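In: Generate a structure from the sequence data that follows.
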Amino acid sequence: MAPADETRKALTRKAPNSKAISDDTASRLLAWYDAHHRELPWRVTPREHARGVRPDPYRIWLSEVMLQQTTVEAVKSYFRAFVEKWPDVEALAAAPTEDVMKAWAGLGYYSRARNLKACADLVAARGGRFPDTETGLRELPGIGAYTSAAITAIAFDRPAAVVDGNVERVISRLFSITTPLSEAKAEIRGQVERMVPATRPGDFAQAMMDLGATICTPRRPRCMLCPLRGGCSAVIAGDPENFPVRLPKADKPLRRGAAFVAAHEDGAILLRKRPEKGLLGGMTEVPTTAWTARVDGATTEAAAPFPGDWRHAGTITHVFTHFALELEVFRAHIKGDAPEGYFWSAASEISGEALPTVMKKAIEAAIPGATKKPSPLSAKRPHD
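Out: Model (predicted):
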């Protein structure tokens, strides 16, 4: 057969049935994981697992909730801070909701924090034990199909199809799935279900995620280092970066509004709490105009919630999941007590408030450095 015919045959070959993947796929993947797993603060390593150490369901649940729509690197410090403050689910359940929201500030997708607290409350009320099945876990607040499968597999070592974005990419390439990713969820999950081994399903799930995060990356995948390259349809065809197939993204709408940063003469900043439901629900904010994901708000100082010497302090932008936001920021100096519905937060307390990132940006535009945590080294010693 001519070389051109061989190339054409490779490019047009059908995605293999899962039976075409050798029976030792899981063994090869687990062997790779044993040698190349990531060290993560919530993870029990294969060596620890072999010594009989078992994952703590509380830590697995907490990490999986934090990791929804958030990168591993961003989550690490938040996870460590949470388990230091609240080492088990009973401690988290006993914590004031406001403290949990403050600790979550900056991680985004704040409904996760509200569901986290609600879930902790329910689990603690039931004796502090998490259900060990997908069905039981799905009954808890904030736990959907992916999170229940991840906890079932990783915390309880029960077979479950754990499919995150990394796994979707691995499977799409392994089987050359040409269906657009948004429509291929069931197909991908079916392939994973057929691959999950009866032994070490938790390590298998983590191995698949690590493979996607470190080897089978979105761009320039390191296919020569992949333990599954021999059976990977996309590698054989020579086009792994073409998978997964995605439909063109629609442009995000741009919304506009204004934010008003009022500073007291002692450095305190005027804040208020947002309603519990809706975007950024239960978080803390500076006064803003009535922008939403669907409508613009006013953008000038004329819309300030109370009189003041408002001066324009810049423009900030922030991207939410479904829209982008542009805020004109105004600053003023205000004396006296806080207006009804607001409170003064001392300069030393601002960094600990439950401020979402967009509000931190607004405050920083008006008062650079205001939201930064003071360094212990910058504090004056008694004799300085």
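
In: CA only for contacts and neighbour counts going forward, please
Out: OK.

In: So what's the model's average confidence on the helix or strand hosting Ile316?
Out: Counting by DSSP states H and E, the element that carries Ile316 is strand 311-319. Averaging pLDDT along strand 311-319 yields 96.

In: Likewise for stretch 275-289?
Out: Stretch 275-289 comes out at a mean pLDDT of 93.

In: Strands along the stretch 201-350 of the chain, start to end?
Out: Assigned by DSSP state E, counting those that start in this stretch, the stretch 201-350 of the chain shows strands spanning 254-263, 269-273, 284-285, 311-319, 324-333, 343-345.

In: what packs against the strand or helix carrying Arg59?
Out: Assigned by DSSP H and E, Arg59 falls within helix 57-67. Using 3 or more C-alpha pairs under 8 Å, 6 or more residues apart in numbering; DSSP states H and E, the elements in contact with helix 57-67 are helix 72-85, helix 111-125, helix 145-156.

In: still on that earlier bit, ok, which of the strands of the stretch 201-350 of the chain comes nearest Val72?
Out: Val72 lies closest to strand 311-319 among those, at 19.7 Å (C-alpha to C-alpha).

In: thought Glu193 was touching Val163?
Out: No. Using C-alpha atoms under 8 Å, Glu193 is not in contact with Val163, being 9.7 Å away.

In: between those two, which one's more packed in?
Out: Neighbour comparison, Glu193 and Val163: the larger count goes to Val163, with 24 against 15 (by other C-alpha atoms under 10 Å).

In: contacting residues around the more buried one?
Out: By C-alpha atoms under 8 Å, 6 or more residues apart in numbering, the residues touching Val163 are 146, 189, 192.

In: Turn the strands of the stretch 201-350 of the chain into CSV, including distance to Thr178 and mean neighbour count.
Out: Formatted as CSV, the strands of the stretch 201-350 of the chain follow (distance: least, C-alpha to C-alpha, whole Å; neighbours: other C-alpha atoms under 10 Å):
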stretch, distance to Thr178, mean neighbour count
strand 254-263, 32, 24
strand 269-273, 47, 21
strand 284-285, 44, 24
strand 311-319, 30, 16
strand 324-333, 31, 21
strand 343-345, 54, 18
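
In: what's the closest of these to Gly142?
Out: Nearest to Gly142, of the strands of the stretch 201-350 of the chain and by C-alpha to C-alpha, is strand 284-285 at 21.5 Å.

In: Other residues contacting that closest one?
Out: 271-274, 353-356, 359.

In: hmm, try it at 7 Å
Out: 271-274, 353-355, 359 (C-alpha atoms under 7 Å, 6 or more residues apart in numbering).

In: what does stretch 299-311 give?
Out: By C-alpha under 7 Å, 6+ apart, stretch 299-311 touches 256-258, 260, 289, 328, 330-334.
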